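Colleague: Sequence and computational prediction follow.
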Amino acid sequence: MYLQFSGQYSEIDYVSTPAGWSDGVGWQVGYAITLVSSDYVGAALAGTAATPIASVFANNTVAGVVATATNATLAPVGIWPTGITLNPDGSVSTTATVPAGSYPLQYQMCDASDPTHCVTSNITLNIAQISAQLDTGTVPAGAASVAIANVLSNDTTDGQPSTLVNSTLTVVTAASNPGVVLDPTTGKVTVAATVPPGIYTITYQLCDQGSPAACSMTTATVTVTGAANPLADTASVPAGVASTPIANVLVNDTTDGQPSTLTNSTLTVVTPASHPGVVLDSATGMVTTTAAVPAGTYTIVYQLCDKANPPVCATATVTVTVTDKSGGKATNVPTLSEYGLMIMGGLLMVFGIPYMRRRRK
């Protein structure tokens, strides 16, 4: 005789009844539950060998004792699909060749001391097709950035593009720097401006909406490159006086998101000023002018490089305006053009020559 209690199946043996049990007619009936077996549901990932059910013995009993491979035997009921196996230790395993789908199965558990005492239960295996692909992104240091817009963009769940509706996204291992973050509610990977150059890896898990869920893990790798960000400098000084129009061209520059210094950066003059008296000292960042520099506008192009990442360089321009002693800029002396001379000559011919003739008379 078998009874089912909330997903559990029991074999009941009729035994003699303790004294005092009576049906009032003269015969007595009693029972003892000898086998209890439970239903199980497991999930696995298609294309991957797995053990979706650790042991069907876990919730089963034999004569009130937890079932084991010693006091119970197991056997599949019917023909199970190729690649799905009920093992003697109670586990249910699947090979990588099992196609995606839902598999309703049955198994039988028998009392090892009396093989005629058996009970049958159900197993449901959900083999999901989830593909979580590697993600990569590269951003420069020194600026808040989005390295990866959505890690799900190249993933699939049960043959469909993965979304936050048909899938669940969970961060398994965060990046080594807290400024590199995967938001599981959006799939976005962001990088804070304070994150130094380096390679940062986040491990995440993608699961379907099954119960239990089938999951796949992969990584998102973010490369933060070095960054040199020089900014233009301008200054004005009077002519005729030795001056320091700019104390340090690095004062408004950044390297890897930090203020540029001659410790974390290398400064090089790319194009000097047109006058040798206007100089950028690459050892100090100072721009000076001598008293001999005439009024005018002078430019210097310099290069800023990241010492930690020498190939990372950028250029900027320094502009120095030297004014005349009155404080104004140098002005150009007006000159007559070729056409102006021709006009003046014509006027002289028309008015000047007759006038000269009258004077001689």
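Modeller: Yep, that arrived. Residues are numbered from 1 along each chain as shown.
Colleague: neighbouring contacts of stretch 237-249?
Modeller: 230, 233, 235-236, 267, 280, 284-291, 293-295, 302, 316, 318, 320-325, 327, 330 (CB atoms under 8 Å, 6 or more residues apart in numbering). All C-beta spots, glycine's among them, are computed from the backbone N, C-alpha and C.
Colleague: Off-centre distance for it?
Modeller: 48 Å (CA atoms, centre = their mean, to the nearest Å).
Colleague: got the buried residues for it?
Modeller: For stretch 237-249, the neighbour count (16 or more other CB atoms under 10 Å) marks 237, 239, 240, 243, 245, 246, 248, 249 as buried.
Colleague: ends of that stretch, how far apart?
Modeller: End-to-end distance of stretch 237-249 (CA to CA, to the nearest Å): 16 Å.
Colleague: Can you tell me the SS state at residue 309?
Modeller: Three-state call for residue 309 (DSSP: H, G, I helix; E, B strand; the rest coil): coil.
Colleague: residues near the residue found closest to it once you drop the neighbours it is linked to in the chain, how many?
Modeller: Setting aside the residues directly before and after it, residue 309 is nearest to residue 226 in space (CB to CB, 6 or more residues apart in numbering), at 3.0 Å. Using other CB atoms under 10 Å, the number of residues around residue 226 comes to 22.
Colleague: now swap in residue 269 and tell me
Modeller: For residue 269, the number of neighbouring residues by other CB under 10 Å comes to 15.
Colleague: element containing it?
Modeller: Taking DSSP states H and E as the definition, residue 269 sits inside strand 265-271.
Colleague: any idea which helix or strand comes after that strand?
Modeller: Heading C-terminal from strand 265-271 (DSSP H and E), you reach strand 278-280.
Colleague: ok, and for stretch 222-233, which residues are buried?
Modeller: Neighbour-count burial for stretch 222-233 [16+ other CB under 10 Å]: 222, 224, 225, 226, 227, 228, 229, 230, 233.
Colleague: Show the average pLDDT along stretch 161-175.
Modeller: Mean pLDDT, computed over stretch 161-175, is 96.
Colleague: Determine how far the last residue of it lies from the first.
Modeller: Using CA to CA, the two ends of stretch 161-175 sit 25 Å apart.
Colleague: now do stretch 35-45
Modeller: 32 Å.
Colleague: Give me the mean pLDDT for it.
Modeller: On average, stretch 35-45 scores 85.
Colleague: cool, and stretch 134-152?
Modeller: In the prediction, stretch 134-152 has an average pLDDT of 95.
Colleague: distance between that stretch and the chain's centre?
Modeller: 5 Å.
Colleague: ok, and for it, which residues are buried?
Modeller: 135, 137, 139, 140, 141, 142, 145, 147, 148, 150, 151, 152.
Colleague: Which two of those have the greatest separation?
Modeller: 142 and 152 (28.2 Å; CB to CB).
Colleague: which stretches of this structure aren't confidently modelled?
Modeller: Along the chain, segments meeting pLDDT under 70 span 1-34, 326-361.
Colleague: In it, where's the longest strand?
Modeller: The longest strand of the chain (DSSP state E) is strand 114-128.
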